[in-house]
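>>> Please work out how this folds:
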Amino acid sequence: MLQIDQSLLIQIGNFLLLVILLNIFLYRPIRRIIAQRSEEMGSLEEAIREYQDKAEKNEKSIQENMVLARKEGFQVKESLKMEGLEKEKGILQKSSSTVEDKIRKARSEIDSRVSDVRKILDEQVAVFSKELAEKILGRSVQ
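I've put the predicted structure just below:
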């Protein structure tokens with residue numbers, strides 16, 4: 001079976017020395033590097049979360065600004081539209097009053113011409129009727 005002698009104790013000592021040396025020169029530096037990388041990863045993940053939060057806030061801000069800009073643009077558009085309609089009404093009123101004035105003047109001119117023509121026709125009718133009566137009666141009518 002197993003014999004316990006001096007070589008076994010030396011092998012156990014060698015093993016323990018090897019474990020201590022490996023721990024000092026290999027495992028601790030590797031664990032330190034892993035811990036540093038873990039810390040760096042944690043800080044990077046935190047930075048990523050912060051940047052994502054900032055990006056979401058910026059996106060919300062941009063969306064809100066776009067909504068406000070659209071509302072302002074719509075209001076400006078509506079005010080310009082109303083202003084245009086008011087100007088259009090003013091122009092139409094001005095042109096309709098100008099047209100009405102021209103129509104009034106034309107009607108008064110036509111009325112005056114009609115009255116002048118009626119006077120002339122009345123005079124001519126009187127003359128023609130007198131001449132017609134004289135021709136029919138064959139004598140002079142006063």
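>>> Can you give me the neighbour number for residue 130?
Using other CB atoms under 10 Å, residue 130 has 13 neighbouring residues. Where you see a C-beta, it was placed from the backbone N, CA and C, and this is true even at glycine.
>>> so it is in which element?
Per DSSP states H and E, residue 130 falls inside helix 28-137.
>>> mean confidence for that helix?
Helix 28-137 shows a mean pLDDT of 93.
>>> From residue 20, how far off is the residue nearest the centre of the chain?
The chain has residue 70 as the residue nearest its centroid, 3.9 Å off, counting by CA atoms, centre = their mean. Distance of residue 70 to residue 20, given as CB to CB, to the nearest Å: 73 Å.
>>> Likewise for residue 124?
As judged by CB to CB, residue 124 and residue 20 stand 150 Å apart.
>>> go on, residue 69?
Taken as CB to CB, the span from residue 69 to residue 20 is 71 Å.
>>> Kindly report the same for residue 6.
21 Å.
>>> More neighbours: which of these two?
Applying other CB under 10 Å to residue 6 and residue 20 shows that residue 20 carries more neighbours, namely 10 against 7.
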